[in-house]
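Colleague: When you get a sec, could you give me coordinates for this:
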Amino acid sequence: MTDSLDRFHEQWRTSIDDRDRFWLEQSKRIDWSRAPRTAIEDAGDSWSWFPDGELNLSYNTLDRHIEAGRGDAAAVIFDSAMTSESRTYTYHQLRDETAIFAGVLREQGVRRGERVIIYMPMIPEAVVAMLACARIGAVHSVVFGGFAANELATRIVDAGARILVMASGGLEPGKVVDYVPLVREALRLSDGAIDTVILKERDGFPTSIEDVPAGAGATWLDWSELAESANPAVPVPIAANDPLYLLYTSGTTGNPKGIVRDSGGYAVALDWSMRNIYGAGPGDVFWTASDVGWVVGHSYIVYAPLLIGATTVLYEGKPVGTPDAGAFWRVVEQHRVNVMFTAPTAIRAIHRIDPDLEQLARYDRSSLRALFLAGERLDPETYQWITAGLGVPVIDHWWQTETGWAISANPVGFGALPLKAGSSTVPMAGYDVAIVNSKGREVETGREGNIAIRLPLPPGTLTGVWGGPHRLRDSYLNVFPGYYATGDSGYFDNDGYLFVMGRTDDVINVAGHRLSTGALEEVIALHHDVAECAVVGVRDALKGQRAMGFVSLKSGRSVDESELRAQLVDLVRTRIGPVAAFRDVMFVDRLPKTRSGKILRKTLRQIIDGEPYRVPATIEDTSVLDPILAAAEAARAPII
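Modeller: Below is the predicted model of the structure:
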C-alpha cells in the first residue's frame, strides 16, 4: 500500500522469522550489566527473553541519562488539577529521591525478589516508590489507590508481601478519599501479613500517622522521617527474566491474577514501542492520561518515557470536572505535550459535555503531534469527531494488561500508515496474530473469530501468572494449544488491518445469528444525540438472546425518549438488519465503568437477566448502577 507499510512489514516479518537476530539487535539500545548473547529460550508453552542478560531498570530510566549529560532535563512534570499544583523533577532530582527511598526500603530489610505493595494516588512519590523497588531488585505490586479493603487484602496475601507503601489519600472531584481506614481494614483482613507500613502524608487529609494507634496491624512509619536519615542505594543488577512487578487483573470471579513482568524483555519492548509506535524520543513531552494502578501507567507513564529520556506528565485529575471539559487541552498547552495517550472513554466524556469542542478552542495545542487511544474500542463516530477537532492523527491501538504494550497499532515511527476508522491497524513486532474459530482453526480473511497470538509471545509480555506455571497455561494457553487466547474477537480485512470488535463474551447469539456488540454500538453512536452507548445480549425466550442498548446523551440535549428510541431501533434495523431484533433501549446519565474506562457489559447483562452478579472492585462509581437495578426490578415485578 505504501512505502512505510512495506518497510514496517519487512521488520515485522524479521521479528517473527528471525527472533534472535531481530531482538538482540533491539537489545543494544538498553544498558546491560551483562549483555545477552541469546534472545530467547523457547520451550513451547514457556519461554524466556534474554535469559543470560543482567540489567537494572532504575539505572536505565534515570542514572544513564545523567551520565550522558542530561541530568538537568525534565523527567517528570507533576500536574494536579485537584490542587492546582505543578512541579517539575529533573532526571537528577528524580534519581536522588529514588535512591534515597530505595535506601529506606533496604534499611527496612527489603531484599531482591521481595514483593512490596504500593497503594498511592497519582503523586510523584508513587513513581519514586516503583523505581526504588526496581533499584534494589524488589518486586513492586501497585494497587490502585482507593481500592476496597478486601481487594487490597487479597492482593497482599496472594503476593506474599510484608511491606506496604501508601499515601494519606487521594482526591476525586468534590471528594477526599482517606486511605488510612482502608489500609487498616486490609491489614486486619490479611491476618498480619504486612509487618511494616510506610506512610507518605499529604496535607489536608483527615488521618495522619499520629492518629494511627500502636499495634494497628503493623508498624507504621513516616516516609519523610525515614528519608531524612536513609543512605542512598545504588542500582542492583538483576537477571533479565527476574520479576520487575506484579500487576493484578480485576477478575470478577476467584482470585485475581497477578501478571508477572520481567525487566529485560520489558525494557527492550518499551524502547522499541516508543520509537516505532509513538514516534517519540529524548526531550519529547509524553503524556499518558491514565493511572499508575493500571498497566498503561506502568508502561507509559513511568518506564517507557523515562527509558528513552523523554519527559513524562503525571496528571492528577479527570478529563471533565477538573474544572471543565477543557482540562486535557489546558495540560497540552501548559506543558507543550507532543504525544498524548488516553482512553476512548475519556474522549467520549469530553464529547458528552462539550460536543462542539468550545473548550478546545481556548487552548494552543500546536505542540501535539498525535493522540493515541486504547483501553476500550474506539468507535468510528468518536474517532471522526476528535480527529476533526484536533487536526492531528488520532490512533487507535489495542493491547492488554497481559501484553504490557501494543499488540496492534499504527507505527508512527515508520510514517503513519493510512488510518481506518474502527481498526487498530496492524500487528506490531513479535506479535503473530491469527483469527481462529472455536476449534482453534484459522478462518478466512474478513470473517470474525477469536483473536489469538501464536507462541511464543514477544518481549515485554507476561512471563507468568503469580502462583505457578500452571496458572499461565490454565488461564491463557490451553484454550487454543499453540496460541495465547486474548479473549477478544475480531477480523482482518484484505489489507491486513485488524478490527477488534470486543470481548468474545460480548458476541451475542440471536436466533442462531452471531452479532458483535461492537458493530451494534457503532451504529447507535451514529445518532447525533448519542454521547456513549453499550450493547449487551439479554435473555429472550424465543430467540435465545436479543440486543439491548444502554445510551447516554450529549450534554444539553432535550429529546423525547420514546421518539429517540424509535429512531435508534430504526437505525439498527437499517444498518444491521431485522436479524438484530433490536428494540430495547434504556437511557442513562452515565454508563457503569471501571476506573480504566472499561464498560461493565457483563454486569449489565447479569442485572437485566436477573442473574447473580459481582460488581468489580475497579468500578468507578457504584451509584450509576442504581437506576439500572431499579428498572430491572420493575420489569420483573408481577402485574397485579
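
Colleague: contacts and neighbour counts: CA atoms only from here.
Modeller: OK.

Colleague: chain center to stretch 17-27: distance?
Modeller: Distance of stretch 17-27 from the chain centroid (Cα atoms, centre = their mean, to the nearest Å) equals 27 Å.

Colleague: swap in stretch 374-385?
Modeller: The chain centroid and the centroid of stretch 374-385 are separated by 16 Å, computed with Cα atoms, centre = their mean.

Colleague: What's the mean pLDDT across that stretch?
Modeller: When pLDDT is averaged over stretch 374-385, the result is 87.

Colleague: How about stretch 175-194?
Modeller: Stretch 175-194 comes out with an average pLDDT of 93.

Colleague: got the CA coordinates for it in CSV?
Modeller: In CSV, the C-alpha atoms belonging to stretch 175-194 read as follows (Å, rounded to 0.1, in the frame of the first residue of the first chain):
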residue,chain,number,x,y,z
LYS,A,175,-14.3,14.2,47.3
VAL,A,176,-11.4,13.4,49.6
VAL,A,177,-10.6,9.7,49.9
ASP,A,178,-8.9,8.7,53.2
TYR,A,179,-6.7,5.7,52.6
VAL,A,180,-5.7,5.0,56.2
PRO,A,181,-9.0,3.4,57.3
LEU,A,182,-9.0,1.3,54.1
VAL,A,183,-5.4,0.1,54.8
ARG,A,184,-6.2,-0.7,58.4
GLU,A,185,-9.1,-2.9,57.4
ALA,A,186,-7.0,-4.6,54.8
LEU,A,187,-4.3,-5.3,57.4
ARG,A,188,-7.0,-6.9,59.6
LEU,A,189,-8.3,-9.0,56.7
SER,A,190,-4.9,-10.1,55.6
ASP,A,191,-4.3,-11.5,59.1
GLY,A,192,-0.9,-9.9,59.9
ALA,A,193,0.8,-10.5,56.5
ILE,A,194,2.1,-6.9,56.5
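
Colleague: That stretch: which residues count as buried?
Modeller: Of the residues in stretch 175-194, those with enough neighbours to count as buried (16 or more other Cα atoms under 10 Å) are 177-180, 182-190, 193-194.

Colleague: Please apply the same query to stretch 570-578.
Modeller: Across stretch 570-578, burial judged by 16+ other Cα under 10 Å covers 570-573, 576.

Colleague: Pipe those residues into TSV and attach pLDDT and distance to residue 198 per row.
Modeller: Written out in TSV, the entries for the buried residues of stretch 570-578 read as follows (pLDDT from 0 to 100; distance: Cα to Cα, whole Å):
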residue	pLDDT	distance to residue 198
570	88	58
571	90	56
572	87	55
573	81	58
576	75	56
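
Colleague: picking that back up, what about the buried residues of stretch 175-194, which are in strands?
Modeller: For the buried residues of stretch 175-194, membership in strands holds for 177-178, with DSSP state E as the criterion.

Colleague: Which members of the buried residues of stretch 175-194 are the farthest-apart pair?
Modeller: The largest distance within the buried residues of stretch 175-194, taken as Cα to Cα, falls between 177 and 193 and amounts to 24.0 Å.

Colleague: before we move on, back to that, pipe the buried residues of stretch 570-578 into CSV and attach distance to residue 479 and secondary structure per row.
Modeller: Putting the buried residues of stretch 570-578 into CSV (distance: Cα to Cα, whole Å; DSSP: H, G, I helix; E, B strand; the rest coil) gives the following:
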residue, distance to residue 479, secondary structure
570, 39, helix
571, 37, helix
572, 33, helix
573, 35, helix
576, 31, coil
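
Colleague: In TSV: those, plus distance to residue 411.
Modeller: Supplementary listing: the buried residues of stretch 570-578 in TSV, determined by distance: Cα to Cα, whole Å:
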residue	distance to residue 411
570	38
571	35
572	34
573	37
576	32
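
Colleague: Residue 522: which of these is nearest?
Modeller: Taking Cα to Cα as the measure, residue 572 is the one of the buried residues of stretch 570-578 closest to residue 522, at 9.6 Å.

Colleague: Now do the same for residue 151: helix, strand or coil?
Modeller: Under DSSP: H, G, I helix; E, B strand; the rest coil, the three-state class of residue 151 is helix.

Colleague: what does stretch 216-235 contact?
Modeller: Outside stretch 216-235, the residues that touch it by Cα atoms under 8 Å, 6 or more residues apart in numbering are 56, 58-59, 96, 99-104, 106-107, 135-136, 184, 187-188, 192, 194-201, 209, 212.

Colleague: and residue 14, what is it in contact with?
Modeller: With contact set as Cα under 8 Å, 6+ apart, residue 14 has these partners: residue 22.

Colleague: Ok, residue 116 next?
Modeller: Here residue 116 is in contact with 133, 138-141, 161-165 (Cα under 8 Å, 6+ apart).

Colleague: 10 Å instead, please
Modeller: Remark: with contacts taken as Cα atoms under 10 Å, 6 or more residues apart in numbering, residue 116 is in contact with 105, 110, 129-130, 133, 138-142, 156, 159-165, 194, 245-246.

Colleague: so where's this protein uncertain?
Modeller: When residues are selected by pLDDT under 70, those of the chain lie in 1-2, 250-255, 504-507, 509, 511-514, 541-543, 577, 579, 596, 636-640.

Colleague: how is it carved up into domains?
Modeller: Structurally, the chain divides into domains by automatic domain parsing as follows: 3-317+397-491, 511-636.

Colleague: most packed of these?
Modeller: The densest packing among the domains of the chain, expressed as mean neighbour count by mean count of other Cα atoms under 10 Å, is seen in domain 3-317+397-491 with a mean of 20.

Colleague: Work out for me the element residue 286 sits within.
Modeller: strand 285-288 (DSSP states H and E).

Colleague: Sheet-wise, list the partners of that strand with their directions.
Modeller: For strand 285-288, the paired strands and their directions (DSSP bridges) read strand 311-316 (parallel), strand 339-342 (parallel).

Colleague: Residues in a beta bridge with residue 535, which ones?
Modeller: For residue 535, the beta-bridge partners under DSSP bridges are residue 549.

Colleague: circling back to that earlier point, next one: the strand holding residue 286 to chain centre, how far?
Modeller: Average the C-alpha atoms of strand 285-288, do the same for its chain, and the two points are 15 Å apart (Cα atoms, centre = their mean).

Colleague: How about stretch 392-409?
Modeller: In this view, stretch 392-409 has its centroid 10 Å away from the chain centroid, taken as Cα atoms, centre = their mean.

Colleague: gap between the two ends of that stretch?
Modeller: Using Cα to Cα, to the nearest Å, the end-to-end distance of stretch 392-409 comes out at 16 Å.

Colleague: Also stretch 551-561?
Modeller: Stretch 551-561 has an end-to-end distance of 11 Å (criterion: Cα to Cα).

Colleague: residues in contact with that stretch?
Modeller: By Cα under 10 Å, 6+ apart, the list of residues contacting stretch 551-561 from outside reads 348-355, 521, 524-525, 527-535, 565, 567-568, 585-591.

Colleague: Please repeat the previous calculation with a cut-off of 7 Å.
Modeller: Defining contact as Cα atoms under 7 Å, 6 or more residues apart in numbering, one finds that stretch 551-561 is touched by 352-353, 355, 529-534, 586-590.

Colleague: Show me which pair in the residues you listed is furthest apart.
Modeller: Checked with Cα to Cα, the contacts of stretch 551-561 reach their widest spread between 355 and 586, with 21.3 Å between them.

Colleague: Where do the helices of the stretch 301-450 of the chain begin and end?
Modeller: When secondary structure is read from DSSP state H, counting those that start in this stretch, the stretch 301-450 of the chain shows helices at 304-307, 327-335, 344-353, 380-390.

Colleague: Which one of these lies nearest to residue 280?
Modeller: Across those, residue 280 has its closest neighbour in helix 304-307 (8.4 Å, Cα to Cα).

Colleague: Can you lay out the strands paired with strand 285-288 as CSV showing distance to residue 265?
Modeller: Rendered in CSV, the data for the strands paired with strand 285-288 read as follows (distance: least, Cα to Cα, whole Å):
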stretch, distance to residue 265
strand 311-316, 21
strand 339-342, 22
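
Colleague: All good on my end, thank you.
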